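**Student:** here you go, sequence then predicted model.
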Amino acid sequence: MIPFKTIAALTGIGVLFFLAGTGKALAEKDPIPPPPVENDSALVQAQPEPAKIHYVYEVPQKLPDGWAVGDLRKAKADLDPIAGAVDQILSGGIPGVHSLLLLRHGKIILEEYFNGYKPDEPNALYSCTKSVFSTVCGIARDQGLLDPGQKIYDLYPDCRSKAGWSPEKDAITVGMILSMTSGLDCNDAGNWSTSCGVAMAQTSDWLAFCFGLPLLHPPGKSWMYNGTSLSLVADLIAKKSGMGFPLFARKYLLDPLGIPGDTWILGPGGVPKVDTGLFWKSRDMAKLGLLYMNKGLWEGKRIVSEAWVKEATTPQAPLGAAFGHDYGYLWHIKSMRWGGRTVPVFYANGYQGQTIFVSPDADLICVMTGGNPNDSIYALEEGLFEGTILPSFH
């Protein structure tokens, strides 16, 4: 684990520390996308007219990390609009972008870094961490450690006699927690200083905090941005596996993908906070996208089941409830136009402009990282992918 002070130094004002009970707990500023405007691409066009840069494409560098690289000009794509998208970033039309990677057919065909960032620099994933956690959950499900249909109180039966219990809560399942439809009154959107996650971080018992949350809606009927309650599932994996959550994630996901570093946040008693906290390089983020593109296989080896990949990227919440989009098991889902038809695109999304877009129909992955705290960055990046990048491929 990286010490909390090191994490704080890396994330700047986005991280606050709270001295709570038995130890230090961390809460992070991690706003999420606001409801999308009717035409996200209009936000891109609304930016001040950028200076002309005239980007010149170069084939990505071959590095000793196992990634295959390819030539965008041979990838059945229109180069001019993609070059225009890079020009837009270079000229400040989309402020604060740190990197843009495009992959097609498993090869990196475009890789650009901006504002002084380099390929070997890790990015704070913020809420993209949730999609990593979803994958760990899928691996745990494959090993028989949990199932989305299990009732959370059946897995923690003693909590039925503790504070916060009500018979209506008995319907809450693991899947509802992963799809943010548990009905618990815990909102991590909006003002981060009053968010549910910050409140939990100030307590000495994170599990008791989660189980003590009141029920606001009937379980499974509505969606609320609740990443805090994921600690219940992460703790379950730790206990069922008998090896601790970070070690489980390291052994079965991160090591097989060749992704270094363990920055999972652990609270009092070692309970994990898994809705934020990881730091990955842009190429590592692309690995998660390619794992899902390949239906759970990495270099021919099964990491997570194809069934989980399908479930996690299929709507599991009421349609359109997640800021106007659909939501699976910790993956955002949106229908976009490509090739003259509407296709599903799923994506991980995090504060300041961290995104991993995956379009199985186009066999296209787009990774973007950034440091823009303005909420407009979500629609700007989504508009760039949906309006320019995706339709440029054939």
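**Tutor:** Alright, I've got the coordinates.
**Student:** residues contacting the residue nearest to residue 180 when sequence neighbours are not counted?
**Tutor:** Spatial nearest neighbour of residue 180, excluding adjacent residues (Cβ to Cβ, 6 or more residues apart in numbering): residue 226 at 5.0 Å. C-beta here means a position set from N, CA and C on the backbone, and glycine is covered the same way. Counting by Cβ atoms under 8 Å, 6 or more residues apart in numbering, residue 226 touches 177, 180, 182, 184, 186-188, 196.
**Student:** again, only using 7 Å
**Tutor:** 180, 182, 184, 186-188, 196 (Cβ atoms under 7 Å, 6 or more residues apart in numbering).
**Student:** report pLDDT for it.
**Tutor:** At residue 226, the pLDDT value in this model is 98.
**Student:** state the helix or strand in which residue 289 lies.
**Tutor:** helix 282-293 (DSSP states H and E).
**Student:** partner strands of the following helix or strand past that helix and their direction?
**Tutor:** The helix or strand immediately downstream of helix 282-293 is strand 297-298, counting by DSSP H and E. Partner strands and pairing direction for strand 297-298 (DSSP bridges) are strand 301-302 (antiparallel).
**Student:** helices and strands around the helix holding residue 289, which ones?
**Tutor:** On a contact count with 3 or more Cβ pairs under 7 Å, 6 or more residues apart in numbering; DSSP states H and E, helix 282-293 meets strand 97-104, helix 128-142, strand 354-359, strand 364-370.
**Student:** about what we covered before: where does the residue nearest to residue 180 land in three-state SS?
**Tutor:** coil (DSSP: H, G, I helix; E, B strand; the rest coil).
**Student:** who does residue 368 bridge with?
**Tutor:** The partner residues for residue 368, given DSSP bridges, come to residue 100, residue 355.
**Student:** so what pLDDT did the most centrally placed residue in the chain get?
**Tutor:** Geometric centre of the chain, nearest residue: residue 128, 2.0 Å, by Cα atoms, centre = their mean. pLDDT for residue 128: 98.
**Student:** is it true that it touches residue 352?
**Tutor:** No. Between residue 128 and residue 352 there is no contact under Cβ atoms under 7 Å: 10.7 Å.
**Student:** which members of the contacts of residue 226 are positioned in helices?
**Tutor:** Counting by DSSP state H, the part of the contacts of residue 226 found in helices is residue 196.
**Student:** and of the contacts of residue 226, the nearest to residue 215?
**Tutor:** Taking Cβ to Cβ as the measure, residue 215 lies nearest residue 184 of the contacts of residue 226, at 6.3 Å.
**Student:** beta partners of that closest one?
**Tutor:** With DSSP bridges as the rule, residue 184 is bridged to residue 215.
**Student:** list the contacts of it.
**Tutor:** Here residue 184 is in contact with 213, 215-216, 226, 229 (Cβ under 7 Å, 6+ apart).
**Student:** for those, give me CSV that also has distance to residue 255.
**Tutor:** Listed next are the contacts of residue 184 as CSV, based on distance: Cβ to Cβ, whole Å:
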residue, distance to residue 255
213, 34
215, 39
216, 39
226, 30
229, 28
